[in-house]
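Peer 1: quick one, structure for this:
(one chain, ligands or ions: 1)
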Amino acid sequence: MFFPNSFVIALLSLTTSVASHPNHQHHHQHAASHIEKRYALETSYTASNFFDGFTFFTGPDPTDGDVEYITQFEAYLLGYINTNNNQVYLGVDNTTVNPANGRLSVRVQSNQAYTHGLFIADIAHMPGSICGVWPSYWMFGPNFPDSGEIDIIENVNYVFTNQLTLHTSPGCTINIAGSAAGATLLDSNCNDNNGLDGCSVTTTNQNAYGNYFNINGGGVYATLWESTGIKIWFFERGSIPSDITADAPNPSGWGTPLVSFNGGSTCNIDSFFANNNIVFDIDFCGDWAGQLWDSSPCYSVFGGTCDEFVNANPSAFSQAYWLLNSLKVYQ
Ligand SMILES: *[C@@H]1O[C@H](CO)[C@@H](O)[C@H](O)[C@H]1NC(C)=O
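Peer 2: Below is the predicted model of the structure:
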């Protein structure tokens with residue numbers, strides 16, 4: 001929650017005035033902590049508890065990918081997940097040629113659902129810029145698109161930048177004023193194509209996605225979901241604000257978000273987003289990567305279909321993994 005400026009100024013002047021009166025030291029500290037700790041840590045997912053808080057989705061891929069999502073037990077036995085070095089590793093089959101039912105992979109979803117919040121993901125590695133791959137870090141609620149969907153990190157095939165998207169039921173139109181330079185809104189209607197396309201934003205920071213993200217040791221994605229909008233910041237590994245590192249995040253000091261999805265009078269965010277679970281997955285081909293295969297550089301180089309490429313080239317997916325340091329949820 002943002003305090004109105006006048007309230008913050010009142011607190012600051014209170015702080016100044018009581019600081020000169022030692023008798024009021026207690027009040028001074030109370031006022032100061034009120035300013036600095038506006039968000040309280042609700043859940044911290046790390047290597048020690050991540051797989052207790054997330055459940056493996058093992059149904060057929062709702063987006064028609066060339067993928068078979070496997071159970072936690074199977075993924076563990078095959079070495080596609082681990083918690084080595086206090087990091088959460090989520091990977092795929094990078095050795096099998098022509099897998100029977102699509103390439104084996106994982107899709108995990110938080111047991112806890114959230115409405116509003118500040119979600120801070122410290123990510124050391126994400127699936128690289130690889131033909132056929134469709135990685136995603138996202139949130140969604142029941143009865144798509146009625147409870148909304150927030151796609152925080154997502155793109156397909158051989159690309160080097162993030163494309164962020166909201167999906168809603170009819171009636172939500174957003175703008176992206178206040179987003180980082182290079183952000184381009186493809187469609188302001190978050191129900192575009194019955195919600196399937198949504199309001200999507202392309203970005204230009206190559207350190208925020210895929211190969212360059214990984215070369216730089218990843219970074220932090222901070223998603224602030226409020227009644228007025230949904231803002232998503234990206235910080236490179238070397239530029240993470242100290243208040244984030246200190247578990248006392250203060251978004252008002254973070255500067256320009258990568259993308260600011262602004263609701264306001266054209267989209268009452270609270271009418272369109274509720275009870276979202278957090279998801280990490282690694283998909284192949286399907287309704288997005290597969291659809292774009294023919295128009296991607298992948299087709300120019302490899303020809304054929306997306307599925308043919310994915311099935312025949314397991315070693316192409318050696319870098320198709322998530323490595324998470326932590327995911328912290330603040331309210
Ligand atoms: C292939 O995948 C396994 C399991 O996900 C992983 O341990 C291994 O490091 C990957 N291979 C390469 C070359 O990255």
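Peer 1: so which residues of the stretch 151-300 of the chain form helices?
Peer 2: Secondary structure of the stretch 151-300 of the chain by DSSP state H, counting those that start in this stretch: the helices cover 210-215, 242-245, 269-272, 286-289, 297-302.
Peer 1: buried ones in the first one, by neighbour count?
Peer 2: Going by neighbour count (16 or more other Cβ atoms under 10 Å), the buried part of helix 210-215 is G210, N211, Y212, F213, N214. In short, each C-beta sits where N, CA and C put it, glycine included.
Peer 1: which of these lies closest to D294?
Peer 2: Using Cβ to Cβ, G210 comes nearest to D294 of the buried residues of helix 210-215, at 20.5 Å.
Peer 1: contacting residues around the closest one?
Peer 2: M126, P127, G128, S129, N155, V159, F160, T161 (Cβ atoms under 8 Å, 6 or more residues apart in numbering).
Peer 1: kindly report the same for C298.
Peer 2: So C298 contacts C131, G132, N157, Y158, C306, F309 (Cβ under 8 Å, 6+ apart).
Peer 1: could you dump the residues you listed into a markdown table with distance to S252 added?
Peer 2: Below are the contacts of C298 laid out as a markdown table (distance: Cβ to Cβ, whole Å):
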| residue | distance to S252 |
| --- | --- |
| C131 | 41 |
| G132 | 41 |
| N157 | 37 |
| Y158 | 37 |
| C306 | 43 |
| F309 | 46 |
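Peer 1: which one of these is nearest the ligand?
Peer 2: G132 (15.4 Å; Cβ to the nearest ligand atom).
Peer 1: correct me, but that closest one touches W288?
Peer 2: No. G132 is not in contact with W288 according to Cβ atoms under 8 Å; the separation is 11.2 Å.
Peer 1: picking up where we left off before, just put the helices of the stretch 151-300 of the chain in a markdown table and tack on mean pLDDT and distance to the ligand.
Peer 2: Formatted as a markdown table, these follow (pLDDT from 0 to 100; distance: least, Cβ to the nearest ligand atom, whole Å):
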| stretch | mean pLDDT | distance to the ligand |
| --- | --- | --- |
| helix 210-215 | 98 | 12 |
| helix 242-245 | 98 | 28 |
| helix 269-272 | 98 | 37 |
| helix 286-289 | 97 | 19 |
| helix 297-302 | 97 | 20 |
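Peer 1: out of those, which is closest to M139?
Peer 2: helix 269-272 (12.9 Å).
Peer 1: any idea how far N49 is from F140?
Peer 2: F140 sits 22 Å away from N49, going by Cβ to Cβ, to the nearest Å.
Peer 1: so which of those two has more stuff around it?
Peer 2: It is F140, of F140 and N49, that has more neighbours when counted by other Cβ atoms under 10 Å, with 21 against 13.
Peer 1: just to check, the more buried one is in contact with I150?
Peer 2: Yes. With contact defined as Cβ under 8 Å, F140 reaches I150; the gap is 7.4 Å.
Peer 1: right, I'll call it a day here.
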